[in-house]
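Colleague: Okay, predicted coordinates and the sequence, questions at the end:
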Amino acid sequence: MPMIQVQMYAGRSPDQKRALVKALTEAFVTTAGGTPQAVQVVLQEVEKSDWATGGVLASETPPKG
């Protein structure tokens with residue numbers, strides 16, 4: 001069984017998560033084959049204070065835009 005693991009910042013709504021796992025499942029089946037029932041998706045939410053890029057915590061990085 002294929003498993004897709006996603007690590008992302010915490011805070012997405014259940015509707016956003018539902019849409020994400022549906023899209024990932026459909027993309028896997030379309031590109032790699034198999035059935036949607038065989039695809040497992042694990043979402044792991046991480047707080048910004050527990051994620052760093054370039055030696056800087058994401059919680060201490062100014063927002064972009």
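Modeller: Thanks, I have it. Numbers count the residues shown, from 1 in each chain.
Colleague: contacts, neighbours, all on C-alpha from now
Modeller: Fine.
Colleague: Report the contact partners of V6.
Modeller: If you count contacts by C-alpha atoms under 8 Å, 6 or more residues apart in numbering, V6 has them with 41-44.
Colleague: State the helix or strand in which it lies.
Modeller: strand 3-9 (DSSP states H and E).
Colleague: And the helices in this structure, which stretches?
Modeller: Here the chain has its helices, by DSSP state H, at 14-32.
Colleague: quick one on the thing from earlier: okay, now the sheet partners of the strand holding V6, with direction.
Modeller: Using DSSP bridges, the strands paired with strand 3-9 are strand 40-46 (parallel).
Colleague: quick one: average pLDDT of the partner strand?
Modeller: Averaged across strand 40-46, the pLDDT comes to 98.
Colleague: Then stretch 2-10?
Modeller: Rounded mean pLDDT across stretch 2-10 is 97.
Colleague: could you turn that stretch into CSV, dropping everything but the C-alphas?
Modeller: Output in CSV follows, covering the C-alpha atoms of stretch 2-10 (Å, rounded to 0.1, in the frame of the first residue of the first chain):
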residue,chain,number,x,y,z
PRO,A,2,1.4,3.4,-0.9
MET,A,3,1.6,5.9,1.9
ILE,A,4,1.9,9.7,1.4
GLN,A,5,3.2,11.6,4.4
VAL,A,6,2.7,15.4,4.7
GLN,A,7,4.3,17.6,7.3
MET,A,8,2.9,21.1,7.4
TYR,A,9,2.3,24.0,9.7
ALA,A,10,-0.7,23.5,12.1
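Colleague: can I get the contacts of V6 in CSV with distance to R12 and neighbour count?
Modeller: As requested, the contacts of V6 are exported to CSV (distance: C-alpha to C-alpha, whole Å; neighbours: other C-alpha atoms under 10 Å):
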residue, distance to R12, neighbour count
V41, 16, 15
V42, 14, 11
L43, 11, 14
Q44, 11, 11
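Colleague: now those residues as JSON lines including distance to D15?
Modeller: Below are these laid out as JSON lines (distance: C-alpha to C-alpha, whole Å):
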{"residue": "V41", "distance to D15": "15"}
{"residue": "V42", "distance to D15": "16"}
{"residue": "L43", "distance to D15": "13"}
{"residue": "Q44", "distance to D15": "16"}
